[in-house]
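**Q** Sequence and predicted model, in that order:
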Amino acid sequence: MKYNPNEIEDKWQKHWADNQTFAASNNSAKPKYYVLDMFPYPSGAGLHVGHPLGYIASDVYARYKRHRGFNVLHPMGYDSFGLPAEQYAIQTGQRPEDTTSVNIDGGVDKEGNKIAGYRKQLDKIGFSFDWSREVRTSNPDYYKHTQWIFIQLFNSWYNKNTDKAEDISTLIAVFSAEGNLNVNAFCDDNIPIFSSSEWNAFSSDEQQKILLQYRLTYLAETEVNWCPGLGTVLANDEIVNGVSERGGFPVIRKKMTQWSMRISAYAERLLQGLDTIDWSESIKESQRNWIGKSV
């Protein structure tokens, strides 16, 4: 019998889509299994060979676990927010929202070129993704959660006595009752000692400046990698031989006031937590190095 891949692929991919074959159930008696890929950045160039190289391996494993009786959650999404989308929009004179949407869903670009779109390309390969759980990091429904997380951090302080973050209102209550002499917090260095009467006499602005020295997110002047050509701060891994990985622009060290987080307060808890998860030792070691606890 003659093998016709186009006919077979179209038939079964339509069947999978119509029947939500790969949708993970929220309420299932089956054991759960989670297979997560790194989300691609949806550029106008479309998929490159590195995408299916990794996705095929994880898809094979997701299918294997389904056949073994697991309720497999295998989602896909797009890392579509930030510098790459901004720069592409600037270079082509288009809105980032428009170019990102076309790159994902397909359509026609500014020059009239037809763009297949990442979704269509991924589907053509036949991956078993649960598209009902698609994530787009440029979607307000997604990044509202990262904004919410920032607010929770801003309204929290780290209590060393309880070894956890607590609402900033509990710290205000301590200041009002007894000052800050006995407060054991992960905070700025060299904060002046004040009594409860002094705290209550401070103006609202003075109190807020003090609280900012205790909050988990705070403003600080730090030395950063500033790229004038891109108009933004870059992480170390975005710089290659002294220039930006994207665009090849010069990068300088510069002091800037920006939001910082007291994430190092969690260093020991993060390290201990690695011992409780079923990851390979090589991955755990890379995480330990990334946490980078100073001793």
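**A** On my side now, so go ahead.

**Q** alpha carbons only for contacts and neighbour counts from here, please
**A** OK.

**Q** What residue spans form the domains of this structure?
**A** For the chain, automatic domain parsing gives the domain ranges 5-138, 149-206, 218-261.

**Q** In the helix or strand bottoming out on mean pLDDT in the chain, which residues are buried?
**A** The weakest-scoring helix or strand in the chain, judged by mean pLDDT, DSSP states H and E, is helix 83-92 (a mean of 80). For helix 83-92, the neighbour count (16 or more other Cα atoms under 10 Å) marks 84-86, 88-89 as buried.

**Q** ok, now stretch 94-107?
**A** Buried residues in stretch 94-107 (16+ other Cα under 10 Å): 96, 99-104, 106.

**Q** would you list every one of the strands in this structure?
**A** 32-34, 71-73, 77-78, 107-108, 114-115, 135-136, 156-159, 164-167, 185-186, 217-227, 232-234, 239-240, 243-244, 252-261 (DSSP state E).

**Q** Distance from the chain centre to the last one, please.
**A** Put plainly, it is strand 252-261. Taking Cα atoms, centre = their mean, to the nearest Å, one finds the center of strand 252-261 at 20 Å from the center of the full chain.

**Q** tell me the mean pLDDT for stretch 172-189?
**A** Average pLDDT, stretch 172-189: 96.

**Q** Now find how far off-centre that stretch is within its chain.
**A** 32 Å.

**Q** Report the buried residues of it.
**A** Here stretch 172-189 shows 175-176, 178-180, 185-187 as buried, counting by 16+ other Cα under 10 Å.

**Q** Okay, now the unreliable bits of the stretch 51-200 of the chain?
**A** Across the stretch 51-200 of the chain, nothing is flagged by pLDDT under 70.

**Q** who are the neighbours in contact with the closest residue to residue 116 other than its chain neighbours?
**A** The shortest distance from residue 116 to any non-neighbouring residue, by Cα to Cα, 6 or more residues apart in numbering, is to residue 106 (4.7 Å). With contact taken as Cα atoms under 8 Å, 6 or more residues apart in numbering, residue 106 is in contact with 114-120.

**Q** Out of the residues you listed, which two sit at the greatest distance?
**A** 114 and 119 (14.3 Å; Cα to Cα).

**Q** I'd like to know how far the spatially closest residue to residue 251 that is not a sequence neighbour sits from residue 187.
**A** Leaving aside its sequence neighbours, residue 251 sits nearest to residue 227 (Cα to Cα, 6+ apart; 4.6 Å). According to Cα to Cα, to the nearest Å, residue 227 and residue 187 sit 30 Å apart.

**Q** Please tell me I have it right and residue 72 contacts residue 26.
**A** No. Under the criterion of Cα atoms under 8 Å, residue 72 makes no contact with residue 26, lying 10.5 Å away.
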